[in-house]
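[1] Sharing a model prediction with you, sequence too.
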Amino acid sequence: MKKGKQSYLLNNRIFVKDTSVLVGKKESEGPLKEYFYDVLEDDLFNSKSYELAECKMQRHTLQNLLKKCEMKIDDVDCLMGGDLQNQIFATSFAAREFHASFLGLYGACSTFGEGLALASLLIDGGDFKNIVVTTSSHFSSAERNYRFPLELGNQRTPLSQWTVTASGSVMLSCDRPEEEIVPAITAVTIGKTIDYGVTDANDMGAAMAPAAFDTLKTHFSELSRSPSYYDAIFTGDLGIFGLDLCAHLLEQDGITMPKSFSDCGKIIFSEKQKVFMGGSGAGCSSAVFGAYIYEQMKKGDLKKVLLVPTGALLNKDSPLQKQSIPGIAHAVAIEV
């Protein structure tokens, strides 16, 4: 059921059947280390390049997800996902191993939210039963794609974020698993492309915060909900500065966010890990959701969560051509 111009209240609960997450060593040493069971000890993952390693990471989480769900690839109606590499290389090359219907997505670091929203709407429409949503990012492949080769040893700026090395896959289904507590997607808000004129490619939080603000404001308005409706609200990878900026924009608009308002990129690393403003990347929100938020909901500690993955829609050429950085954010309501 469409609510307003951008939001949809689903007619059916779209169940999160299970998740699979693989993270890098640095991520496994952060505040969420007890939730990360599958850890990549070697960033190359026994591959010839970091790009191929990221592709292998996606294959690994997809295979593990099917195993956990006790399903075969033939039981999956569609595989949806993306990453940060050129032409979503990691996802496309991982998908070729599974011989399933595939929809490649690109929303930068918001791709996980885009995938959850689209998959939920497709399943709610009745023609799809099981859809896998997968995303990934890799610090080393993203750095040389969007910034500089690691071999140059460039100094990082204080407002920069650390691209998360992780892959997260989620199985969405119209069938409720035989478990007592099962998180399910109940509503989505599709975000707009918002550009406040930020041009610094090292300050992703400032570029994405206005988009998160706009999507959150729209979600609350069109669904007639207040922030207190949710036990917790997580943006994708605004980082420390971006989260504060988003909260400030909402406050200026008369929306006071609760203390439970947080960010996946903020909580995946600690200050002592020297990542400046926190984590980022297409694998950031999928890893934090699949390992931490999902487990908190399964235990009953969180019952209503709003996940808002965020993305900066630049490429390696646009900053050099003096273009500002548009942001995007999609909101996904998950309840038990």
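    Noted; the coordinates are in hand.

[2] Which stretches in the stretch 151-300 of the chain count as strands?
    Here the stretch 151-300 of the chain has its strands, by DSSP state E, counting those that start in this stretch, at 162-163, 166-173, 184-189, 232-235, 261-263, 279-280.

[3] so of these, which one's packed in deepest?
    strand 279-280 (a mean of 34; mean count of other CB atoms under 10 Å). Yep, even glycine has a C-beta here, placed from its N, CA and C like the rest.

[4] ok so, going back, the strands of the stretch 151-300 of the chain: which one's closest to Ser136?
    Counting by CB to CB, Ser136 lies closest to strand 166-173 out of the strands of the stretch 151-300 of the chain; the figure is 3.7 Å.

[5] Report the backbone C-alpha coordinates of the closest one in PDB.
    The C-alpha trace of strand 166-173 is given here as PDB (Å, rounded to 0.1, in the frame of the first residue of the first chain):
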ATOM      1  CA  ALA A 166      32.900  -7.200   4.700                       C
ATOM      2  CA  SER A 167      30.200  -9.000   2.800                       C
ATOM      3  CA  GLY A 168      26.600  -9.500   4.000                       C
ATOM      4  CA  SER A 169      23.900 -11.600   2.400                       C
ATOM      5  CA  VAL A 170      20.300 -11.900   3.500                       C
ATOM      6  CA  MET A 171      17.500 -14.300   2.500                       C
ATOM      7  CA  LEU A 172      14.100 -12.600   2.300                       C
ATOM      8  CA  SER A 173      11.000 -14.800   2.000                       C
END
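
[6] other SSEs contacting that strand?
    strand 7-24, helix 50-69, helix 111-124, strand 130-137, helix 282-288 (3 or more CB pairs under 8 Å, 6 or more residues apart in numbering; DSSP states H and E).

[7] Find the one among these with the highest mean neighbour count.
    When these are scored by mean count of other CB under 10 Å, the highest mean neighbour count falls to helix 282-288 (a mean of 36).

[8] Please state the offset of that helix from the chain centre?
    4 Å (CA atoms, centre = their mean, to the nearest Å).

[9] And the strands of the stretch 151-300 of the chain: which comes nearest Asp253?
    strand 261-263 (14.3 Å).

[10] hmm, who's touching the closest one?
    Applying CB atoms under 8 Å, 6 or more residues apart in numbering, the external contacts of strand 261-263 come out as 227, 232-240, 242-243, 247, 278.

[11] From those, pick the one nearest Pro258.
    Nearest to Pro258, judged by CB to CB, of these is Pro227 at 5.6 Å.

[12] Tell me the confidence at the closest one?
    Pro227 carries a pLDDT value of 98.

[13] which regions of the stretch 151-300 of the chain sit below the pLDDT cut-off?
    Within the stretch 151-300 of the chain, not a single segment meets pLDDT under 70.

[14] tell me the helices in it, going along the chain?
    Secondary structure of the stretch 151-300 of the chain (DSSP state H, counting those that start in this stretch): helices at 204-222, 239-252, 264-267, 282-288, 294-298.

[15] how about those in CSV, adding distance to Tyr106?
    Shown next, in CSV, are the helices of the stretch 151-300 of the chain (distance: least, CB to CB, whole Å):
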stretch, distance to Tyr106
helix 204-222, 15
helix 239-252, 21
helix 264-267, 19
helix 282-288, 9
helix 294-298, 24
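
[16] picking that back up, for the strands of the stretch 151-300 of the chain, could you give me CSV that also reports distance to Leu122?
    As requested, the strands of the stretch 151-300 of the chain are exported to CSV (distance: least, CB to CB, whole Å):
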stretch, distance to Leu122
strand 162-163, 29
strand 166-173, 9
strand 184-189, 11
strand 232-235, 24
strand 261-263, 28
strand 279-280, 28
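
[17] what's the burial count for Asp231?
    17 (other CB atoms under 10 Å).

[18] From Glu180, how far out is it?
    Distance check for Asp231 against Glu180: by CB to CB, to the nearest Å, it reads 18 Å.

[19] what sits against the residue nearest the centre of the chain?
    Per CA atoms, centre = their mean, the C-alpha nearest to the average position across the chain is that of Ser285, at 3.1 Å. Ser285 sits next to 109, 112-113, 135, 168, 234, 236-237, 264, 307, 309 when contact means CB under 8 Å, 6+ apart.

[20] How about Ala166?
    Going by CB under 8 Å, 6+ apart, Ala166 touches 21-24, 27, 57, 136-137, 281, 283-284, 286-287.

[21] got the phi/psi numbers for Asn46?
    The phi/psi pair for Asn46 (degrees, to the nearest 10) reads phi 60, psi 30.

[22] Quick one: neighbours of it, just the number.
    8.

[23] ok, it to Lys56 distance?
    According to CB to CB, Asn46 and Lys56 sit 8 Å apart.

[24] next one: Leu307
    Counting by CB to CB, the gap from Leu307 to Lys56 is 26 Å.

[25] my read: Gln273 touches Ser28, true?
    No: assessed by CB atoms under 8 Å, Gln273 is found out of contact with Ser28, at 11.2 Å.

[26] who has more neighbours, these two?
    Neighbours were counted for Gln273 and for Ser28 using other CB under 10 Å; Ser28 has more, 20 against 16.

[27] so who does the more buried one touch?
    36, 39.

[28] redo that, cut-off 10 Å
    Taking CB atoms under 10 Å, 6 or more residues apart in numbering, we find Ser28 in contact with 22, 34-41, 165-166.
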